[in-house]
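*Asks:* 3D model of this:
(chains A and B)
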Amino acid sequence: MARSKNRGSQEVNAGSMADIAFLLLIFFLVTTQIATNKGLTLLLPPKQDEEEPDQVKQQERNIFKIQVNSLNQLLVEDERLDDPSLIGDMVYDFILNFGKMSDVEKGPTGEKVSDRQTYESLPATMKAYINNKLRSGESSDGPNAAIVSLKADRGSSYEIFIEILDQLNAAYNRVYGERVGLTAEEFRKLNRNDPRDLDLYDRARSGIPKSISIAEPSKVGG
Amino acid sequence: MSKFKKKSESSQDIPTAALPDIIFMLLFFFMVTTVMRETEVLVKQDIPRAEQLVKLEKKKLVTYLYVGEPKEPEIFGTESLIQANDAFIAIDGIVQWVNTEKDQLSEVERDQITISLKVDKETKMGIIVDIQTELREANARKIIYATPQKTDDN
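*Replies:* Residues are numbered from 1 along each chain as shown, chains lettered A, B, ... in the order given. Next comes the predicted model:
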């Protein structure tokens, strides 16, 4: 058994280990992109049967019309509008108009809610606002009937479309939020995996469907 | 002034022996969380920002469509194109593409497929509407317009 003598230090020089690790770290820092699955969600309507196009006539007052032409100019309720950021407030008033409350219960089976029940469930501040400012005969009958229609020309830009869609979502989130005593921001951040948050979420949304319709654009009207 | 000249008796060195360990820990974190880009995006992607974002929980159900002007106009022209996975697809190829993507999911999840549209802001709405019509046709009704969060300085 030959025994090697200790000559010099037996330690591995680990001083540059940190440098190497740093280099790798910086490489991964730069190449990493934390995938963001964030955006504006939309549920498309089901496939249309060609034999029977849905000819459900909606009353004019129950539709909030937004049109965009190929020059990205806006026509909101048949009037020109230059600032898209005003749409949010207009839609908010439109949804909560309660012009002619119906007692007809609508919604998915099991959780049908009428406009009157929706109205009764609102907090007092919102009721006061509705009674003082809204309830116009020319705007929507109630949240169940209210539809927001967005019709963008084929030549209009995606940027303005997203801006409007953002405004519409903001209006709905504000309605939902205020209904359960939250801000729009807080409502949006509710974690639906948490049962308590889910309950709030469901309570806020019952009776007020998010009816955003993206209409097929026409080629005419540039 | 003798107060200032007083030498401290403890050592002034910061022990750095644990530094590599800390760095390694960070390194492992990034190595584990990194997902290498599977597809190379061939179209311009300057996505408009929005405020009211919703976060998707199930990443597995999301598939991506990139829309925008090609990055190499000499080869592909300047018209906006649709990119799925690694190649450009035509409008009428979308239904088939969705069905292939659906096949990769388990049977119960097939109807929950979400299409994430990453669209350049210069794109015209015409192509977006065409895509939506095709997605309805393919019965992939859940879509999300992927957008980054708007910052406050606007």
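*Asks:* where do the strands sit along the chain?
*Replies:* No chain in the question, so chain A it is. A:38-43, A:63-68, A:74-76, A:79-81, A:147-152, A:212-215 (DSSP state E).
*Asks:* hm, I was asking about chain B
*Replies:* Counting by DSSP E, the strands of chain B are B:54-55, B:62-68, B:81-84, B:87-89, B:114-119, B:142-146.
*Asks:* all helices in chain B, in order from the N-terminus.
*Replies:* Assigned by DSSP state H, chain B shows helices spanning B:2-5, B:19-33, B:73-76, B:94-103, B:125-137.
*Asks:* Would you mind listing where chain A has pLDDT under the threshold?
*Replies:* Counting by pLDDT under 70, chain A has low-confidence residues at A:1-9, A:33-36, A:48-58, A:103-111, A:137, A:217-222.
*Asks:* just checking, what's the longest helix in it?
*Replies:* Using DSSP H, we find that the single longest helix of chain A is helix A:158-179.
*Asks:* Spatially nearest residue to the most centrally placed residue in chain A, not counting backbone neighbours?
*Replies:* With distances taken as CA atoms, centre = their mean, residue A:169 lies nearest the centre of chain A, 3.3 Å away. What sits nearest to residue A:169 in space, not counting adjacent residues and going by CB to CB, 6 or more residues apart in numbering or on different chains, is residue B:52, at 3.9 Å. (Glycine included, C-beta is placed from N, CA and C.)
*Asks:* quick one: the one you found from residue B:46, how far?
*Replies:* Going from residue B:52 to residue B:46 by CB to CB, to the nearest Å gives 20 Å.
*Asks:* who's more crowded, these two?
*Replies:* residue B:52 (25 against 12; other CB atoms under 10 Å in any protein chain shown).
*Asks:* give me phi/psi at that one?
*Replies:* phi -90, psi 60 (degrees, to the nearest 10).
*Asks:* contacting residues for it?
*Replies:* Counting by CB atoms under 8 Å, 6 or more residues apart in numbering or on different chains, residue B:52 touches A:40, A:166, A:169-170, A:173, A:184, A:188.
*Asks:* Widest-spaced pair of those?
*Replies:* Using CB to CB, the contacts of residue B:52 reach their maximum pairwise distance at A:40 and A:184, which is 14.0 Å.
*Asks:* Buried deepest among the helices of chain B, which one?
*Replies:* helix B:125-137 (a mean of 19; mean count of other CB atoms under 10 Å in any protein chain shown).
*Asks:* From residue A:74, how far off is the nearest residue in space to residue B:133 that is not next to it in sequence?
*Replies:* With CB to CB, 6+ apart as the criterion, residue B:133 has its nearest non-adjacent residue at 7.7 Å, and that residue is residue A:216. Separation of residue A:216 from residue A:74 (CB to CB): 18 Å.
*Asks:* So these two - more neighbours on which side?
*Replies:* Neighbours were counted for residue A:216 and for residue A:74 using other CB under 10 Å; residue A:74 has more, 21 against 9.
*Asks:* which phi and psi does the closest residue to residue B:40 other than its chain neighbours have?
*Replies:* Nearest non-adjacent residue to residue B:40, counting by CB to CB, 6+ apart: residue B:86, 6.9 Å away. The phi/psi pair for residue B:86 (degrees, to the nearest 10) reads phi -100, psi 0.
*Asks:* still on that earlier bit, can you add mean neighbour count and mean pLDDT and give the strands of chain B back as a markdown table?
*Replies:* Below are the strands of chain B laid out as a markdown table (neighbours: other CB atoms under 10 Å in any protein chain shown; pLDDT from 0 to 100):
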| stretch | mean neighbour count | mean pLDDT |
| --- | --- | --- |
| strand B:54-55 | 14 | 78 |
| strand B:62-68 | 21 | 85 |
| strand B:81-84 | 21 | 84 |
| strand B:87-89 | 13 | 82 |
| strand B:114-119 | 23 | 86 |
| strand B:142-146 | 22 | 86 |
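*Asks:* To chain A, which of these lies closest?
*Replies:* strand B:142-146 (4.1 Å; CB to the nearest CB).
*Asks:* Could you tell me the angle between that closest one and strand B:114-119?
*Replies:* 30 degrees (axes from the mean of the first three to the mean of the last three CA atoms, to 10 degrees).
*Asks:* so which of the helices of chain B gets nearest residue B:64?
*Replies:* helix B:94-103 (9.8 Å).
*Asks:* Is the closest one in proximity to chain A?
*Replies:* No - Helix B:94-103 lies apart from chain A when judged by CB under 8 Å from any CB of the partner chain; the minimum separation is 10.9 Å.
*Asks:* That helix: how far from the chain's middle?
*Replies:* 20 Å (CA atoms, centre = their mean, to the nearest Å).
*Asks:* got the angle between it and strand B:114-119?
*Replies:* Using the same axes, to 10 degrees, helix B:94-103 lies at 130 degrees relative to strand B:114-119.
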